[in-house]
Structures are given as structure tokens and as C-alpha cells.
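Asker: next input, structure requested:
(chains A, B and C)
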Amino acid sequence: MTWKSSLLAASLAALGLGAMAGTASAAGPTCADGAIKVGAVSTVTGPADFSEVPKATQAAFDAVNAAGGINGCKIDYTIADDKADPAVAAQAARDLIDNKEAVALVGSASLLDCAVNGATYARKDIRSIQGLGVDAACFSSPNIAPVNVGPFTLTTAMGYYASNVLKAKKLCAFFIIIGGTQEAYKKGIEDWEKISGQKIHLLDLTLPFQGDLTPYVIKARDAGCDTVLTNQVEPQVVQLIKTVDAQKITGINWLFLAPGYTEQVAKALADSPQPIYAGTEWEPYTETDSAANAEWIADMKKANRPLTAFSQGGYLAAQMFLKVVGGIDGEVTRDSVNAALLKMQPISNPLAGSPYVFGEAKTHSPMRATKVMKLDKGKWTVETKDWVHLPDVK
Amino acid sequence: MTRASLRASLALVAALAVGGAAVVGLLPSYWVFLATSVLITGVALQSLGLVAGRTGMIALCQMSFAGVGAWTVGYLNLAEAPGDLAVWILLGGLAAVPFGVAIGLPALRLRGINLAIVTLSFATAFDTILATITYPGQTTFLQVPRPALFDSDGSYFVFVQIVYAVIAVALEFLARSRLGASWLAVRHSERAAAAHGVSIAASKLSAFAISAFTAGISGGLLAGYLGTLVAENFSMMASLSLYAVAVMTGAHFAEGAIIGGLLVVMFPEILRRFDLPQDIGNVLFAIGATQALSTGETMSETFRRLARKLRPARRTKAADATGASLPQPAAQAAPVALEIDDLSVRYGSVVALDHVNLKVLAGTVAGLIGPNGAGKSTFIDAVAGFLHAYEGSVKLAGAALEGRPAHLRARAGVRRTWQTNRIAPELTVGGYLNLAAKGLTESEIAAILGWLDCPDPEVPVTTVDAGTRRLLDVAGVVAARPAVVLLDEPAAGQSHEESVRLGQRIAQIPKLFGSAVLLVEHDMDLVRSVCSEITVLDFGKVIASGPPAKVLGEPAVKKAYLGIEEESVAA
Amino acid sequence: MDALLTSAVAGLTAGGTYALLGVCAVFTYRLVSVVNFTGAAIGTAGTFALIALTEAGYPTWPSVLAGILVGTFVGVAIGTIMTRWFAESSASTKAAVTVALLVGLIAVGLRLTGGQHPHVMPELFPGSAFRLAGVEVTIASVLTIGLAVLFTVLSDLFLNRTRVGLHLRALSDRPMAAELLGVKVQLLSLLVWGLTGAFTTFALMIIAPQRSPNFMTLSLLVVPALAAALVGLFRSFWLTLAGGILLGVIEGMASTVDSISQYRSAIPFLVVLAVLLWSQREARWDDAR
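Answerer: As a prediction, the model looks like this:
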């Protein structure tokens, strides 16, 4: 189905809904055989494990099902592993769409689901509330809207924090570029330049995925950077800071994106004298006393799931989906879910700094707020009590 | 040969047509989607089967070639190039060819291990480069469009199937051609291949180029199948596991490629159904490949062997030469076929040949004898161009051969046989003759085989006994009708009767085929009966030459060689 | 120029690693005539045993010992496969087997160790040794290069000067003949496999903290290692050593030149290509066939 026809279908569905609301008094979602089928494509085995995300979605759905479901409809949730293998990812998506007849995808988190399946979702007219958008395509596809800020917007946000709060004059950025992220990171930096009016001091897009980082650290030092922003993921964050310490470098602020914000990193770098900051996707998950986290923590504890940032994403995606489906009058089908997502009003949730919306845009990146964490003696502490909202690019 | 190719191709096309109709007609769209994936993987596996299976080289960057094809299609789509996917896929395959040739270059002269390292490091390099290049059009959500006729999943399956069939049929014809035979020959023994005039470089490079082309096609098909691609589609690990699968199933057989494709695609499916972790697949492929390597038999070969057992055993029949006539003998103008002047060969301080002079007149059979270690095989190696360096001159019909590599000397008219048999066992008898001599008709091949009591052209060499393979060697060199034939102990391992028969045949070679013969032999009866002139070597020096009766009577010869020999014969 | 020198020094650490693994590859090839694609994966297995043990709270050095034992064991296990089923196979069949085994080992390794979360790799030799061209040269990198040199010297002496070494060389040429001479082929081969396994494990333990300890990336260090071994044409330990260090230094230098640093990983490939084309200027016939 093409874009136009899906729009047509959506408006027809909306008309139908309006008609029904006018006549029938029994509002609320219904389902044909007692279940609403939902799926997720996630990287579970292979080089990375994102299963924490859909498992939290599962926990949230289980809680709803245990309480009788949505208007009596149980949610039948399937998690498909893509092994970070494009062929397997494509198969998994087809299986969910054609065989399982899922009405939507919720809580997916994968290294390549968006890039591989974005087109399939558009062709098959199904929408995905991504639990954790990882690759660039998650933020540039018509049928995918993640509930996280994502590395690209977060790049701009962290740069904004560096120039506004840390008063950085020489911001340098080092990026690992894998699979189609180059343009997105470049745009992230350009957006920051437009917002802050500054120029990036050094932009290096050649950070190696594996290998020795000493040459890069030396490069940052010799260029005179006062703040370095990088998209290193967890193991390499530790590797980078250890290399910096080995080279006895001081006087640089090290800014990481959300993947750097983990307890393992905090533990491994407890002894480092470097000022280390990380941006979060949602309300900092290590703040277990925060009111914003209360509901999520309660549900996770009930389901016996660990409290990680990943599980916030999965949980949040589930909440958004439940809200949207709860607003449907009539049978929950792929078409009715699509229609509801297209015309939904922004939904706020305390876990996130921005309201979530799907809508009719050609690309989706609704989340634009972060909280910045600082590493202090093996513990992450909140640097910004309030959300850092990224202003719109002029 | 073409008749056999035609038969196999027809069978393949029929099987594909029936299978395809069943898939499109009976299966739901998800399974059609999977079946398409099977065929695309099958194309990639066929490309790997060509280098890994036929030429025996370890190629670990097949998916990188596919990546070149896929990215080319992407760029053509972005640039709105004329034509549709079918044209772009073809261009994508062509774009991969230079890469294949460049990678193949360092493998020209040495064995597979180096190639394995080259290809693996290429795959690593390509991985990181590809990772930095976003698939063309991905950021603007531009999809690679399928051809207008084949837009739906079902019809795209048909499109892929047509491509698969075309490639499979083309490869089938190639495999049975002289080029295909040369791949097997090079894999088995590069020297023996060169002795038939096969250029090792051309053979290996053509294999690599065709393989890269096919892999590039598979990448293009994948682009149309998924619409957009990511670097992981073509990662080094994908190449490695594809290699394991190819080794396991025998991807150079049409059914092996399909079985491999089924394994690659269906494994994740089965694992998902049983809720098992996805990574078990690679472990099983590794075990399967190791098992296949240890038994030396791939899955396809096992199936073929079992299938053969089921069929009634065919008797190895002798070639039927009734009504067939031998090819015209080559006209030899020069009176002296081969002339060697002052040939010396040194290995370090050891002098293997010391100023050897020898002449073979056109239309005659000459003999070269001497005790073990006298330098006879070194002499043949030098004349045929298999030595690094020698002093002196080798003239073929008056033209000097110096500076020409072995395969060019073979083409110029110096053909040799080997002491140990070097015929690639995967060939058929007819395929071997076709490799040895270009452009023979089927009836000529049958006639030559019949003349030497060799088996039927359709018989695979594996089933031919060692003694007959030596005859086949002789059949190969005479079929080419060169100016001179160097026979290195053709009667070794033959019974007395067989050796007498062989002698009669060798004596006929000059008349029937127009080739002069230089016979190296220990069997004195054979030498006496066929040679008009003989030369005796001892410790690298010529100690006597002339007509057999005169030379064999010389005391020096008797002392050096024949004395012992005759006594032992008498005893 | 200065920046180039600085980055060249910065590349030494990687160079030492490549050299050490390369020398191990040559050692294996010369003694048991296998081009071993699983070399680094064997060491990685041992390294991850160390990580697992320290994460479970065991003290460092006993865990190091246990890790080396695991590496030795994996080496012997692969050696058993090779000697039992492939002793008489051709060199390329043996190489193909190790390629297949690599695929399996990486899958098993990723399964057991998980890819996502970082493992805390204890630094066995923390601190820096000295400062050169504005770069702190760490003890670990000095140690890797030192170990590489040591292993080169030892292998050279062992193979060329000792009786056992000569025996082993005889064995790699013709296992059957060596067997007839009364050399215990199986046992000696397994010894070689165990030894190289132990050695690679220790080497990877030293450098793992400076790399991202991920099973796949560590296992794939075999690519530059084999490239280094090719520089030595799988014969010369000294050339291999030089080749490995050179590779690391070139990679380091490439990272300062923006236009090429993105394609840094292509360097082993280009080196391999150049070495092969140069070393095979003239045609040589394969004696075995």
C-alpha cells in the first residue's frame, strides 16, 4: 500500500470512528478473538543484546493482562530475535506481520530493525513504537517513531549543554560511524552549530569500532579541545577513559551519550580523575527515589525485571501503545491502530522530558529532552535537576 | 559435451519451474518471501562454489563482492539511471568483476592459503569502508524499485527464479567447457594443467571474475528484494559463514547451492519456531563444514553417491570407436622436430644436466634412457618449461623456446606426460581429452579413446583404474597432435602384455598423429621395439647415442646401466 | 612531522600485539603446518575465562593462571581435531578447517560472553613506562613488544638449534616419515598447539584492557596477525615481528591523516597485497603438485 492510500484509509477510518462515536454509546476498543496481537523485532543474540527493552514491554503488557486486559482484550506479545543479521531481521518482521498478524510493533530495540524493515513497514502499512531507536533509520522513517531521544538528537542536546552550561569554547566531537549514521551525526552537529552560533572545533568521524584509541586521545589533546563529545558505546567508554588516564591528560570534559550511562561504566571508572558526563534518554534510571520513576519501578519489581535504562524504554513504549489503543472505539485492527496513531494527541509520561506523538510527519523524532549525569566517585549523580529541552532549530 | 550440458540444464530448468509453480501457487506470502531468500542465497553460494569448489581456492570475501553489486544498484537507483532493476543488477555484477580480478592477482602463483588471508583481509577492509557509506537513498527513504512486471512478492520470486536458472544453466555449460575443465585441472595440479597449454593465470582469474560477477548479481537481487540494505548484509562474518555452508553442502553443484540456501534461510526459521537462540546456526555450519572436510565429501556428493547406489550399476564400457575416425595428423614441415643444444641445469652446486645434446627427427620415436637419478625427468622439465632456469637452447622445429613459460611451450607444440598420474579425478574421460586438445569432435574423441582401449567419454575419471589412467595420459597428449610428445615412463606399472600393446601404439604415433616422440622408459624391450634412435644419460651427461642396437652394445652403457639391468632380467 | 611521529609511537601498542600474534601464527605453521585462523580466538577464550573468574570475585593472579589453562585447553582441543582427522590433509584443507572452526568459536564465544555489557578486564600491568614524543608508552605495550621479541628469539633458537626443534620440523614436513623415526607425532603436535594457545592467551590478557573486550573483535585480531605472518612469508620470525610492528605504526600514523584515517582498517589488506605481489615476482611451481 502506498503512502497516499494509507492516508486515505486513515481518514476513512477516522470518519468511521466519528460516526460510531455519534451513534453507539458503548465506547472503547474491542477485539475479534479476545486478543490484540503485538510484536517486536529485537537484537537478542549476536554482537549485542537489547532484549531488556521488549522484555520490559512484555512485563507492562503482562500487568495489564493480569488486570483483565484492555476492555477485556488480552495483549498477545511476540518478541522476535534478529541476531543483528539483516536477513533474519527481515524474516522476523515478515513473520510478525504476515503470520502473527500483529496490529503494531511495540518496544522493538535492534541494531538494524529500522534500516532493514522500515520499508517493509511502510509497504505493509504497519507502525512501530520503537522502544529504543538505535540506527539512524529509526528517526527517518514514516512508519517508525521511537520513544527515546536517540543518539542524534542527543548529540545536539549534549553540545547545547556543553556550550550553555559548561561554557565550552572548543567543543570537539569524535564519532564511530557504523551503518548509515554519518549523515545523522553530521546533522546533529550542524543543528548544534545553528542553535549555539558556535563552530565545532574538531569533528572526527573515524573512531574505530575496535582497536587502540591512543592516537585519537593524543589528537584531542594536541588540538586543544576543552570538551570532547563522543558516541562511544559501553565497553569503549571505559577503554577511552582508561587510555586518557594512561596518557595523563587533564583539563578536558568528556561527554558521552546515553550508552555511556550505565552502572558498569561507573564502577569501572570509579578511580578516574576525568570529568565525565553522560546524557540520558529518559528520567535517570539510577534515581530510584524520583517520583517520575515510581510507577515504572513498581511495575518492574512486580515482574521481577532489573531496573535499567533499557527497561524504561520498553516500558514507556508499552504505556504509549496502551494509551493509544485505549482511545480506539471499535475493533483493534492494524488499520484502526494506524488511524489512532496518526491522529493522536501528544501523550506525556513522567519518564520522558517531552510528550510522545506519532502523527503524520514523514519522519519522527518526538523526544527532545535529556537530563545530564556526572560521574562522581563510581556513582552517577544528576547534574541537571530539570530537563534540558533542546530549542527548535531556526 | 554440449549434449550432456543440455540434458542437465533442461532437468534443472524443469525442476525449477515445477518447484517455482508450487511455491507461488501453494504457499502463503511469507513462505514465498523465504523461498526468494533461499534462491538469492543460492546465487551467492553458486558464486562461492565456483572458486571454492571448482578451483579449490579459499575465498572469504564473497559477500563483499555482493556488497559491490548491491551498492552499485543503489547508486544507479539514486541517479535514476535508465533501465530498470534487471539492467542495474547486471551492471552491479560487472562492477564486482574488477574487484574479483584484483583480489585474484596475488593468488596467481601461489596456493590457497595466501588467498585465504588476502580475501579475509579484504573482507575486513571492505566491512569498515562499507560501514561508513550509507546505502544510497536510505536517508531519503528511497527504495530500490523492482521491475514493473515483477513488483509483488510472488512475481519477484519468479524474477529471482529466472535469474537463478539463467546463472545455473550458464555455469553448467561453463563447467563442462574447456574452461571449466581447466579449473578442475588447475585445482588438482597446476603443472599438469600448464602442460596442456592452460594458462594458470587466465584460468584462476576467469574463475575469480565470473565468481565475483555472480556474487555481485546476488547483491543486486538482494537490493530489489529488501528495498534498502545495511552494511551488515555483507559483513565478513556473513562471508565466513557462507563459506562454511558452501564447504558443507558442496555449492558447486546446483543442488548443493539450493540445499545451502535452504539451510541458511530455514535455520533461523526453525530456531525461531522452537524458541532456540539464533546463533546455534553458525555452530552447526562450522561442525558440518569440518565434517565435510574430514570425509572429503560434501552433502551433495553424498546424495549423488547414494543416488548412484540406487540406480542399477552401469558397467564401465570401453569407448565405442566404430565408424569414428581419428583426427587428421598435424603436418610437420621441419625435418628436426626437437633440437637440444648444450643443455645444463644446476641445483646449487649439484649439476643435474651437463651440456646435453639431443635431436628428435620429425616422424620418428626417439628414446632417452639412463639409471635412476641420471637426469631424465629434469631433462623433460627443462624442455617443457617447468624449470626456473637452464643454460643452452631448446628449439622446436627450428624455433627457440627460451623465455616462454610452460603453457606457451605446450601450445607451441611440446606436450608431456608425467611419471605420476595428474589427471583431475572430477573430470570425465571426454572432459579430460577436451581439456588436452581444443576443438575435437565427439567422434574424434571416441576414435582416439578406442585406439588406446580407453573407457567411454562419459565415464568419470574417478572410476578409471590407475593403469588405464596412464593410457589416458597418452591419449591426451596425442589428441593435441603437437610437434613433439615427451612420454615420461608410460609403461610403468603396466603388465608385460599391456606394455607390448602400448609399444605398438607408440610406434604408430608419428604416422597417425604427425607427432615426433621422445620416450623416457626403463622397459628395455619397449625401448628396443619402438625407438629408432636412443640417447643414454648418466649423472647428467650423455654417454652414448645412436641406433638402439649399436648404443645398447657399448661397454660404457652396459657398465653404467644395462649390465645390471640385463643380469637382473636374466636372473 | 611531529604529529606523525607522535601517532607512530601511539601505534606501537597495536603493533606489538600484531607482531606477537603473527609470530605465534608462524610458529604454528612451521611446526604443525597449519595456517591457523583460530589463533586469536583461542587466546580470547582464555582471556574471557580470566574475566569470568575475576568478575566472580576470585583473586587476579590465580585467575590468570586458570585463564591460561583454559587457553591451553582450547588450543589442545583444536589441535586434537587437526591431528586426528586432518594430519594428512593438504595445507589449504587444514586452513579451511580452521576457518570453519573460527565461525563456530565466535558464535559459541558470543553466546557465552554476551555482547552488550562491558566486562571489567583487570589490568595486569597498569601504568606507563616512559614518555616518548609526547605519548605515554604504557607498560603493557612495552611488555607486548618485549614478549614478541622474546618469543621470536626463543622460536628461532628452538627451531634451528635444538634437537626437539629439528624433530618438530621433520614432523611438519612429513608426519608419516617422522612417525617412522620414532617421533611421537601426535604428542608433539598437541604440545605445539597447547604452547601457542597458552602464549596467545597471555598476550591477549595483557592487551585486552586497551581494546574493547568483545569476543568477536578480539578473535578477529587474527587478520592483522596473519598479515604480519605473510610479511615473514610464514618462515622468518624476525620479518614477522617487524611486519607486525610496522602494521601497527602505519595504522597509528593513518589516524592523523583525516582523508585516509576512515579507511585505516584497509591497511592490513594493502600490506598483504603488496607483500604477495612483491614476493611472487617470479613464477614458482608448487612442488607438491
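Asker: where does pLDDT dip in chain B?
Answerer: B:1-5, B:107, B:109-112, B:311-324, B:561-571 (pLDDT under 70).
Asker: disregarding flanking residues, what is the spatial nearest neighbour of the one residue in the stretch 101-250 of chain C that gets nearest to chain B?
Answerer: Closest residue of the stretch 101-250 of chain C to chain B, C-beta to the nearest C-beta: C:Gly104 (2.8 Å). For every residue, glycine as well, the C-beta is placed using N, CA and C. Closest residue to C:Gly104 apart from its sequence neighbours, by C-beta to C-beta, 6 or more residues apart in numbering or on different chains: B:Ala286 at 2.8 Å.
Asker: what's near enough to touch the one you found?
Answerer: B:Ala286 sits next to B:Ala244, C:Ala100, C:Leu101, C:Leu102, C:Val103, C:Gly104, C:Leu105, C:Ala107 when contact means C-beta atoms under 8 Å, 6 or more residues apart in numbering or on different chains.
Asker: can you tell me which of the residues you listed is nearest A:Arg334?
Answerer: Checking these against A:Arg334 with C-beta to C-beta, the nearest one is C:Ala107 at 35.7 Å.
Asker: what about the residue lying closest to that closest one once chain neighbours are set aside, which helix or strand?
Answerer: Computed as C-beta to C-beta, 6+ apart, the closest residue to C:Ala107 that is not its neighbour in sequence is B:Asn282, at 3.8 Å. B:Asn282 belongs to helix B:280-295 when assigned by DSSP states H and E.
Asker: in PDB, could you pull the C-alpha coordinates for that helix?
Answerer: Provided in PDB are the C-alpha atoms of helix B:280-295 (Å, rounded to 0.1, in the frame of the first residue of the first chain):
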ATOM      1  CA  ILE B 280      23.200 -22.000  17.100                       C
ATOM      2  CA  GLY B 281      23.100 -22.000  13.200                       C
ATOM      3  CA  ASN B 282      26.700 -20.900  12.800                       C
ATOM      4  CA  VAL B 283      27.900 -23.500  15.300                       C
ATOM      5  CA  LEU B 284      26.100 -26.200  13.300                       C
ATOM      6  CA  PHE B 285      27.500 -24.900  10.000                       C
ATOM      7  CA  ALA B 286      31.000 -25.000  11.500                       C
ATOM      8  CA  ILE B 287      30.600 -28.600  12.600                       C
ATOM      9  CA  GLY B 288      29.100 -29.500   9.200                       C
ATOM     10  CA  ALA B 289      31.900 -28.000   7.300                       C
ATOM     11  CA  THR B 290      34.500 -29.700   9.400                       C
ATOM     12  CA  GLN B 291      32.800 -33.000   9.000                       C
ATOM     13  CA  ALA B 292      32.600 -32.500   5.200                       C
ATOM     14  CA  LEU B 293      36.300 -31.600   5.100                       C
ATOM     15  CA  SER B 294      37.300 -34.600   7.200                       C
ATOM     16  CA  THR B 295      35.400 -37.100   5.000                       C
END
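Asker: okay, domains of chain A per the record?
Answerer: Domain assignment for chain A, taken from automatic domain parsing, gives A:3-149+A:289-363, A:151-280+A:371-389.
Asker: including mean pLDDT, mean neighbour count and distance to chain C, could the ones you listed go into a markdown table?
Answerer: Converted to a markdown table, the domains of chain A look like this (pLDDT from 0 to 100; neighbours: other C-beta atoms under 10 Å in any protein chain shown; distance: least, C-beta to the nearest C-beta, whole Å):
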| stretch | mean pLDDT | mean neighbour count | distance to chain C |
| --- | --- | --- | --- |
| domain A:3-149+A:289-363 | 84 | 21 | 4 |
| domain A:151-280+A:371-389 | 87 | 20 | 4 |
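Asker: can you redo those domains as TSV with distance to B:Phe157?
Answerer: Output for the domains of chain A, formatted as TSV (distance: least, C-beta to C-beta, whole Å):
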stretch	distance to B:Phe157
domain A:3-149+A:289-363	13
domain A:151-280+A:371-389	27
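Asker: picking that back up, which helices and strands does the helix or strand just after the helix holding B:Asn282 pack with?
Answerer: Remark: after helix B:280-295, the chain's next helix or strand is helix B:299-310, criterion DSSP H and E. Helix B:299-310 makes packing contacts with helix B:236-249, helix B:254-273 when contacts are defined by 3 or more C-beta pairs under 8 Å, 6 or more residues apart in numbering or on different chains; DSSP states H and E.
Asker: so which of the contacts of B:Ala286 would you say is closest to chain A?
Answerer: C:Ala107 (9.0 Å).
Asker: list the contacts of the closest one.
Answerer: Per C-beta under 8 Å, 6+ apart, neighbours of C:Ala107: B:Asp279, B:Ile280, B:Gly281, B:Asn282, B:Val283, B:Ala286.
Asker: number of residues surrounding C:Ala56?
Answerer: If you count neighbours by other C-beta atoms under 10 Å in any protein chain shown, C:Ala56 ends up with 8.
Asker: sorry, that was for C:Leu132
Answerer: Applying other C-beta under 10 Å, we find 14 residues neighbouring C:Leu132.
Asker: kindly report the same for the one 3 residues further on.
Answerer: Here the neighbour count serves as a burial measure; for C:Val135 (other C-beta under 10 Å) it reads 26.
Asker: against A:Thr214, how distant is the closest residue to it other than its chain neighbours?
Answerer: Nearest non-adjacent residue to C:Val135, counting by C-beta to C-beta, 6+ apart: C:Val9, 4.5 Å away. For C:Val9, the distance to A:Thr214 equals 9 Å [C-beta to C-beta, to the nearest Å].
Asker: overlap in contacts of those two?
Answerer: C:Val135, C:Gly252.
Asker: surely the residue nearest to C:Ala107 touches C:Val103?
Answerer: Yes: when contacts are counted by C-beta atoms under 8 Å, B:Asn282 is listed as touching C:Val103 (5.3 Å).
Asker: nearest the geometric middle of chain A, what residue?
Answerer: In chain A, the residue lying closest to the centroid (C-alpha atoms, centre = their mean) is A:Asn148, at 2.8 Å.
Asker: ok, for it, nearest residue in space, not its chain neighbours?
Answerer: A:Asn148 sits nearest to A:Glu281 (C-beta to C-beta, 6+ apart), 4.2 Å away.
Asker: state the phi and psi torsions of that neighbour.
Answerer: In terms of degrees, to the nearest 10, the main-chain angles of A:Glu281 are phi -80, psi -40.
Asker: distance of it relative to A:Ser311?
Answerer: A:Glu281 is 12 Å from A:Ser311, by C-beta to C-beta.
Asker: contact partners for the residue nearest to the centre of chain A?
Answerer: A:Asn148 touches A:Gln130, A:Gly131, A:Leu132, A:Gly133, A:Ala258, A:Glu281, A:Trp282, A:Gly313, A:Met367, counting by C-beta under 8 Å, 6+ apart.
Asker: now C:Val231
Answerer: Contacts here follow C-beta under 8 Å, 6+ apart; on that basis C:Val231 touches C:Gly22, C:Leu239, C:Thr240, C:Ala242, C:Gly243, C:Gly244, C:Leu246, C:Val271, C:Val275.
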